[in-house]
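Here is a sequence together with a model predicted from it:
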Amino acid sequence: MKIIFLTFFIYCIVVHNLFGSQLMQCKTEKQSGLNFIGKDHKQILGFLGLDNFSIKLSRTRDKIIKNQIYLDDLNTSPSKLKNVHFLEILILKSNGYPQVFHCSWRFNLKLNKINENPFECIEQKNKKDLFSLDFFGNFSLSSRFDALNMKEKYKKNSTLHSIFGKCEIKKEE
């Protein structure tokens, strides 16, 4: 009971900090690396909460560009216009566990188009998981899954894996 309350409390704090941001629904379509620990990769993805999940972006591309245009309109010196922008993505896994990523987006107002360059993100707790999201909603998530070797009990095998799929903007209900 305490774990559920704590998870809910942390979730509320994190979601509150991202209020007003964009929510997307994601579906994993392919994986690489989970076959090394068995053919049940769909069950593994379900256990990890990464078969279907949501993400919440703290800033959208549109908001970043509007901010840059505003700064440009103020005749800000070119050195003050940023080429790298930072945001946060919260992965809301289907198993109830959130995961926070800090992201960067390379975008130059004078050179790039809105659909160029993906958000490149690193997970904040262990700084080992990587998440990438492009303009069209295509994502990849690379991480490590620790599995117990049944032949040698208590020995963990670390399996590197990646998942790939598509995220779509969640329609408001």
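Sure thing, it's come through.

ok, the residue lying closest to Met24 once chain neighbours are set aside - contacts?
Ranked by CB to CB, 6 or more residues apart in numbering and with sequence neighbours excluded, the top spatial neighbour of Met24 is Cys167, at 4.2 Å. Where you see a C-beta, it was placed from the backbone N, CA and C, and this is true even at glycine. When the contact criterion is CB atoms under 8 Å, 6 or more residues apart in numbering, the partners of Cys167 are Met24, Gln25, Cys26, Lys27, Ile55, Leu133, Gly137, Asn138, Phe139.

Please flag which of the residues you listed sit within strands.
Cross-referencing the contacts of Cys167 against strands under DSSP state E gives Met24, Gln25, Cys26, Lys27, Ile55, Leu133, Asn138, Phe139.

Rebuild these as JSON lines, extending it with distance to Lys42, neighbour count and pLDDT.
What follows is the ones in strands among the contacts of Cys167, written out as JSON lines (distance: CB to CB, whole Å; neighbours: other CB atoms under 10 Å; pLDDT from 0 to 100):
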{"residue": "Met24", "distance to Lys42": "22", "neighbour count": "18", "pLDDT": "96"}
{"residue": "Gln25", "distance to Lys42": "18", "neighbour count": "16", "pLDDT": "97"}
{"residue": "Cys26", "distance to Lys42": "16", "neighbour count": "24", "pLDDT": "97"}
{"residue": "Lys27", "distance to Lys42": "12", "neighbour count": "12", "pLDDT": "96"}
{"residue": "Ile55", "distance to Lys42": "21", "neighbour count": "25", "pLDDT": "96"}
{"residue": "Leu133", "distance to Lys42": "23", "neighbour count": "23", "pLDDT": "97"}
{"residue": "Asn138", "distance to Lys42": "20", "neighbour count": "14", "pLDDT": "98"}
{"residue": "Phe139", "distance to Lys42": "18", "neighbour count": "26", "pLDDT": "97"}
